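Chemist: what follows is a protein structure lacking sequence information:
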């Protein structure tokens, strides 16, 4: 649904989507390759989700702040719903990498352990990579919606527009 919103409120509504995009760019497009280039090792895989989770926590807290104007709050909640997709990608990646690690531990030869772990990490990061790409598109559409003064119908059904500007 479209609303007649002033520019200041539109800027507030764009903030969560911009923060999500910065999170994706900084921690997944910059930090992940940097941790590989710095040869941090397998623990380098944990850095992007760890730092990204801090930003996701902030988005979650802001999406439940009552003092935020309704229109901006809806966009914080939209960003939080999209962050949950990223958390699902992290969970799928962790399951694949964890399962591969357990499988690698069962191998008798050290060379076979390394091969299995390498394959598990390469395959395991794919759910997160796919979610990052999907979320770039979704965050961009969220920016567009906030700029037009639009709130998705699904959010309107869950959170009625009490005191929302028309």
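Modeler: Right, received. Where do you want to start? This is a predicted model, so every value here is computed, not measured.

Chemist: where does this protein have low pLDDT?
Modeler: Across the chain, the ranges flagged by pLDDT under 70 are 162-166.

Chemist: quick one: the helices in it, in order.
Modeler: Taking DSSP state H as the criterion, the chain contains helices spanning 7-23, 31-37, 47-63, 70-106, 110-124, 126-148, 153-158.

Chemist: among those, which comes closest to residue 1?
Modeler: Nearest of those to residue 1, taken as Cβ to Cβ: helix 153-158 at 5.9 Å. Yep, even glycine has a C-beta here, placed from its N, CA and C like the rest.

Chemist: in CSV: the helices of the chain, plus mean neighbour count and distance to residue 1.
Modeler: Output for the helices of the chain, formatted as CSV (neighbours: other Cβ atoms under 10 Å; distance: least, Cβ to Cβ, whole Å):
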stretch, mean neighbour count, distance to residue 1
helix 7-23, 19, 14
helix 31-37, 14, 37
helix 47-63, 17, 19
helix 70-106, 18, 10
helix 110-124, 14, 40
helix 126-148, 17, 10
helix 153-158, 11, 6
